[in-house]
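>>> based on what follows, work out the 3D shape:
(chains A and B)
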Number of protein chains: 2
Amino acid sequence: MTNFVWHNPVKLVFGKGTIAELPNLIPAGTKIMLAYGGGSIKANGVYDQARAALAAYDITEFGGIEPNPRYETCMKAAAIVKQNGIGFLLAVGGGSVLDATKFIAVAALYDAGDPWDIMEGRKPVERALPLATVLTLPATGSETNTFAVISRDATGEKLAFGSPHVYPQFAILDPETTRSLPLRQVENGIIDTWAHVMEQYMCATDHSALTLRQSEAVLKTLIELAPKVKADPADYTTRAELMWCATVGLNGSLGLGAAAQDWATHMIGHELTALYGIDHGRTLAVIMPAVHRFQITRKQPRLAQCAARVWHITQGDDATRAAQAIEREQAFFQSVGVPTTLSAYNIDAADAARQVAARLAARNAKLGEYGDLGEDEVRAIIALAQ
Amino acid sequence: MTNFVWHNPVKLVFGKGTIAELPNLIPAGTKIMLAYGGGSIKANGVYDQARAALAAYDITEFGGIEPNPRYETCMKAAAIVKQNGIGFLLAVGGGSVLDATKFIAVAALYDAGDPWDIMEGRKPVERALPLATVLTLPATGSETNTFAVISRDATGEKLAFGSPHVYPQFAILDPETTRSLPLRQVENGIIDTWAHVMEQYMCATDHSALTLRQSEAVLKTLIELAPKVKADPADYTTRAELMWCATVGLNGSLGLGAAAQDWATHMIGHELTALYGIDHGRTLAVIMPAVHRFQITRKQPRLAQCAARVWHITQGDDATRAAQAIEREQAFFQSVGVPTTLSAYNIDAADAARQVAARLAARNAKLGEYGDLGEDEVRAIIALAQ
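Residues are numbered from 1 along each chain as shown, chains lettered A, B, ... in the order given. Just a heads-up that it's a prediction; the model follows:
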């Protein structure tokens, strides 16, 4: 069990009707930017609920934040924040809107040049405007962590940054807001949550026995929930549990005591989204089984543990069980309704392998728990996903 | 799944050698009261580590805080805090020292009469001095919650209070500090942690599927750890996992989504400690199986779930499995080395039943998930613990 610091000051307000709590959470008189995406919050009533709750506040709206939010869009919002003297950013929507809002919160106070320098790690985050979220799409865990992923048109880059300055002050999680999500996004959210948990769990080096069991708790709950939400998409309890799984999956608690994590799947997935426009969650379903197959030997004990505890496979030796854990994972993704091969997207695996590996190599990215998955290994992983 | 608010701002600094982090956690120039108990921190080196780390600070020591900390002791400390203009309280020790420190932090700023009024619920907590802890005894979870239990000689009362004002700013959890604990305290800590988890888990009303699985994760980990710590008390990893279980068990996360909790065991246990001086953890081992037996019918589905998932009992109907869950729990307590009957303490159950029930009735206490365990029910529960 490795030393750690755990500090997550986000106030989570979870449940039905909680959007009405907004005026109890933002000081009266605050000038707010209400940031949102493509307008789904207008169709599903969330926008009306938020505006009604904030009727007494001075609100500037900024809509049109896209999935895989763009630097260019964020910079427009940051300029408006500066012009209007806005003091608080409220992201209403999914992880993309919130990630954009985190970057806007930093960019609006950044005066040392181009804030993209932060994304490239050349400059630290020293301050940010206070921000919070009404989350309508459970998946990224962004509501309870310090990270954001932003894409840039000019360079085709998709990069992540993180800072305690962009912890949301609060996150309102009303599962009712997720009922109107297209099924495709529900599926993506399940895969994304699964991947977040696995990337903290599937490590061969030192970990915490308790944390591992808590990760298994989320995985088992997701396995129970997936068929339920497909059978009865309107069921409140199922939606609530899914939303809570997504938050717990990436609030940091499932990495406590681990010596390392393995985010190779996310890193490769981001490149597939940037190159081919595949939904983020869907890239993970393609890549994660391949990442696990590529590393089956060195991750064998943990894969076997997953087989036994999550999939209740008690027959066979560790090698057999490890292989079965991956088979079951892939079958689970398929049962959710998400393809697990590049060919399902009419993508040539050899072409994807070459392009993704080259893009990661250009950034000197070394992926995985041991930081030793370079250009050759990434190519081999993608070949397993054809 | 019931609505909830989750907000736990305590910074946990966990692992070997972390006491040396103190100067990074307390602003330079702060006048600190270093509060501790009977002096075990001087024997095990924790005192020396803390003093060395805080060499540059103005320190006032206050030792001698007793197990089941007393109001009278706390009031002496509060007077010293006022006299010396102390601005920060550092509790070095176990849950009792920390609970006392929480009350001292409130009492030192309380000017509306006798701060015992807060314990009796007649006055709210409006402010408190900042406080933190170096925790040396994993059990109470006090390091990551807002609660404290204080006893008063004059009245023989043992009462709890809670307020967000007494969240520790940080908690240093160095498992190495627990290596020198007497075995008896290790045993007590395991039982206390188990009880905390169960009192949030063993509820028949609405709960969260994910939270229940996370509770089962702690219970299963405790079952694994108990024989290990007895076999090899010096093993760092086992100590670290136990310490982390104790914190997770009462940081509030295991109650999220639950409509109610059932703290009948703790409430009755506190009375047994007040009356007979039995260690807190040991009272729980006596009372919890009795509380579960008394409520076996209405808690049958959850008890059966516990049997299946925690104890891997898959045979028999729900009634059979529920009964077995209680048998296994009681056997587990005994395997830890803790008696599970009043007779083991030479206490007459009829006498205990009469006295405890009368004391709780005098405070109009109605215990349990449904708030319907009154004088008669408490007598019946204690009769089951004879």
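
>>> okay, angle between the longest helix along chain A and helix B:209-231 too, please.
Longest helix in chain A, counting residues (DSSP state H): helix A:209-231. Helix A:209-231 and helix B:209-231 meet at an angle of 160 degrees, taking axes from the mean of the first three to the mean of the last three C-alpha atoms, to 10 degrees as the criterion.

>>> just the buried residues of helix A:209-231, please?
A:209-223, A:225-226, A:228-230 (16 or more other C-beta atoms under 10 Å in any protein chain shown). Using the backbone N, CA and C atoms, a C-beta is placed for each residue, glycine as well.

>>> report the contact partners of the spatially most central residue of chain A.
Computing the C-alpha centroid of chain A and ranking residues by C-alpha atoms, centre = their mean puts residue A:140 first, at 2.5 Å. Applying C-beta atoms under 8 Å, 6 or more residues apart in numbering or on different chains, we find residue A:140 in contact with A:94-96, A:98-99, A:192, A:246, A:250.

>>> quick revisit: and the longest helix of chain A, how far out from the chain's middle?
17 Å (C-alpha atoms, centre = their mean, to the nearest Å).

>>> just checking, what packs against that helix?
helix A:183-201, helix A:236-249, helix A:300-309, helix A:318-336, helix B:209-231, helix B:236-249 (3 or more C-beta pairs under 8 Å, 6 or more residues apart in numbering or on different chains; DSSP states H and E).

>>> low-confidence ranges, the stretch 1-150 of chain A, go.
For the stretch 1-150 of chain A, applying pLDDT under 70 flags the ranges A:139.

>>> who in it is up against chain B?
The stretch 1-150 of chain A comes close to chain B at residues A:1-18, as judged by C-beta under 8 Å from any C-beta of the partner chain.

>>> list buried residues within these.
Those of the residues of the stretch 1-150 of chain A next to chain B that meet the buried threshold are A:1-4, A:6, A:8, A:10-15, A:18, by 16+ other C-beta under 10 Å.

>>> tell me which entries of those lie within strands.
Counted as lying in strands by DSSP state E, out of those, are A:4, A:6, A:8, A:10-14.

>>> show residues contacting whichever strand or helix holds residue A:83.
Residue A:83 belongs to helix A:71-84 when assigned by DSSP states H and E. With contact meaning C-beta under 8 Å, 6+ apart, helix A:71-84 is reached by A:31, A:33, A:35, A:60, A:62, A:64-66, A:86, A:89, A:100, A:103-104, A:107-108, A:115-116, A:119, A:129, A:150-154.

>>> buried ones among the residues you listed?
Burial by neighbour count, judged by 16+ other C-beta under 10 Å, picks out A:33, A:35, A:60, A:62, A:65, A:86, A:89, A:100, A:103-104, A:107-108, A:115-116, A:119, A:129, A:150-152 from those.

>>> distance of the nearest residue to residue A:278 once chain neighbours are set aside relative to residue A:336?
Leaving out its chain neighbours, the residue that sits closest to residue A:278 by C-beta to C-beta, 6 or more residues apart in numbering or on different chains is residue A:272, at 5.4 Å. Using C-beta to C-beta, to the nearest Å, residue A:272 is found at 18 Å from residue A:336.

>>> next: residue A:200.
Taken as C-beta to C-beta, the span from residue A:200 to residue A:336 is 20 Å.

>>> can you name the residues that contact residue A:263?
Counted by C-beta under 8 Å, 6+ apart, residue A:263 has contacts A:199, A:367-368.
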